[in-house]
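[1] After the sequence you'll find the predicted model.
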Amino acid sequence: MKIYKPIITEFSYSEKLYQEAEGLFIDRVLSTTGQEGVARVALSGGITPLPLYHKLAINPVIDWDRIELYQTDERYVAPDNKDSNQLHIQNNIREALPEIKEINFFNTQLPIDMTIKEYSEKLDTLDGNFFDFTVLGIGADGHIASLFPGGKYLKHQEETVIQTSAPRDFAIGKRISLTVESILSSSEILILLVGDNKQEALQEMLEGKKPATQFPAKFLLAHPNVRIYCCFEGN
């Protein structure tokens, strides 16, 4: 596969990182809605992006009626479970902005095969790239969304959404995730890396010897428009 070099910006403080990420998000969304009418945005789970989501929710410039929100992945637990990505997104967006229109969450109240089928059908209705802007993190082990090292699902997939399994040291094993191909179907990808344990992950992504199947973040190097905002120090 062709390899592209991401644009990397390092920040001394995480607050500055989130401010810049907010500005980038607003710039891209306003540009897209101005041209297309609606912007489609994919949000990752985990703790790192939550401060960004909260900032966006209280920003008066954003017209949420012109933004469609999707998830990159989810833990297969009830929506109100403390480990649910949906719950964290709800707490940081909908509670700050209750009038926001429906978010396209994975419906984990269905059997998992039906959850996947329902979400796949949503994506099948989208023209062109699935998303205009995607927010991602990278785990210390190189996982993106819920695509973990060594998974057979990292090979080419015809499906857009799949069931995956997290390693045993993760609290929730059963997961749902967009495939690599679905994640790459975005006009732009923003990766947020916060914490001193993410510096080695970035080095491995850019210069390491592990194949992408053992360090899934390397798949993102196949995308021509990736930005990485990183902060390896404390707040």
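    That came through fine.
[2] for the residue nearest the centre of the chain, what are its contacts?
    For the chain, S44 is the residue whose C-alpha lies nearest the centre (CA atoms, centre = their mean; 2.8 Å). By CB atoms under 8 Å, 6 or more residues apart in numbering, S44 lies in contact with 71-73, 85, 134-137, 144-145. Quick note: C-beta positions are derived from backbone N, CA and C, even for glycine.
[3] Next one: it relative to I138, how far apart?
    S44 sits 10 Å away from I138, going by CB to CB, to the nearest Å.
[4] Can you check which residues contact both of those two?
    Between them, S44 and I138 share the contacting residues I144, judged by CB under 8 Å, 6+ apart.
[5] all strands of the protein, in order?
    Counting by DSSP state E, the segments of the chain that form strands are 7-10, 39-43, 67-71, 73-75, 133-137, 161-165, 174-178, 189-194, 226-231.
[6] Now do the second one: everything it contacts.
    Residues outside strand 39-43 that contact it (CB under 8 Å, 6+ apart): 25, 28-29, 32-33, 49, 53, 66-72, 89, 126, 130-135, 178, 183, 186.
[7] Buried only: go through the residues you listed for me.
    Buried members of the contacts of strand 39-43, counted by 16 or more other CB atoms under 10 Å: 25, 28-29, 32-33, 49, 53, 66-72, 89, 130-135, 178, 183, 186.
[8] Excluding chain neighbours, give the residue nearest to L193 in space.
    C230 (4.0 Å; CB to CB, 6 or more residues apart in numbering).
[9] tell me the contacts of that neighbour?
    Counting by CB under 8 Å, 6+ apart, C230 has contacts 8-11, 17, 192-194, 198-199, 202.
[10] How about the contacts made by the closest residue to T9 other than its chain neighbours?
    Leaving aside its chain neighbours, T9 sits nearest to Y229 (5.4 Å; criterion: CB to CB, 6+ apart). Contacts of Y229 were listed using CB under 8 Å, 6+ apart, and they are 9, 11, 17, 20-21, 190-193.
[11] go on, S186?
    42, 129-134, 223.
[12] can we see that at 6 Å?
    By CB atoms under 6 Å, 6 or more residues apart in numbering, S186 lies in contact with 129, 131, 134.
[13] Report whether the expected contact of P49 with V135 is present.
    Yes - between P49 and V135 there is a contact under CB atoms under 6 Å: 5.3 Å.
[14] which residues of this structure fall in helices?
    Remark: helices assigned in the chain by DSSP state H are 14-36, 50-57, 85-89, 112-124, 180-184, 198-207.
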